[in-house]
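> Here you go, sequence then predicted model.
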Amino acid sequence: MDEARLMYEMQKKGVSIKDMCEKLGMSRSAFYRKCRSISEFTQSEIQKIVDILELSSPMGIFFAEKVS
């Protein structure tokens, strides 16, 4: 989980943490725990974030880029 990249993408799209939490239906504290990898985002939450931020892929934010 790349918290800095997620925050960058949110800022770029003008989505506040409050807005994201409301759209995901979760508390701010739960969102922060997931961003800091204390707990994990579910597959459906990841898909919602990808849709909200209009990302082409969750790679790089939620999953490490494949390195060879």
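Yep, that arrived. The shown structure was predicted, so the numbers you read here are calculated from the model rather than taken from an experiment. Numbering: from 1, shown residues only.
> Return stretch 9-20 as PDB; C-alpha atoms alone will do.
Provided in PDB are the C-alpha atoms of stretch 9-20 (Å, rounded to 0.1, in the frame of the first residue of the first chain):
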ATOM      1  CA  GLU A   9      -4.200  10.800  -6.700                       C
ATOM      2  CA  MET A  10      -6.900  12.000  -4.400                       C
ATOM      3  CA  GLN A  11      -5.500  15.500  -4.300                       C
ATOM      4  CA  LYS A  12      -5.200  15.400  -8.100                       C
ATOM      5  CA  LYS A  13      -8.900  14.600  -8.500                       C
ATOM      6  CA  GLY A  14     -10.000  17.000  -5.700                       C
ATOM      7  CA  VAL A  15     -11.200  14.200  -3.500                       C
ATOM      8  CA  SER A  16     -10.800  14.900   0.200                       C
ATOM      9  CA  ILE A  17     -10.300  12.200   2.900                       C
ATOM     10  CA  LYS A  18     -13.700  13.100   4.200                       C
ATOM     11  CA  ASP A  19     -15.300  12.600   0.700                       C
ATOM     12  CA  MET A  20     -13.400   9.300   0.200                       C
END
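> So which bits of it are buried?
9-10, 15, 20 (16 or more other CB atoms under 10 Å). C-beta here means a position set from N, CA and C on the backbone, and glycine is covered the same way.
> who touches that stretch?
By CB atoms under 8 Å, 6 or more residues apart in numbering, the residues outside stretch 9-20 that reach it are 28, 31, 49, 52-55, 61.
> which of these are buried?
31, 49, 52-53, 55, 61.
> Would you tell me what helix or strand the spatially closest residue to Arg5 that is not a sequence neighbour is located in?
Of all residues beyond its chain neighbours, the one nearest Arg5 is Ile61 (5.0 Å), with distances taken as CB to CB, 6 or more residues apart in numbering. Assigned by DSSP states H and E, Ile61 belongs to no helix or strand.
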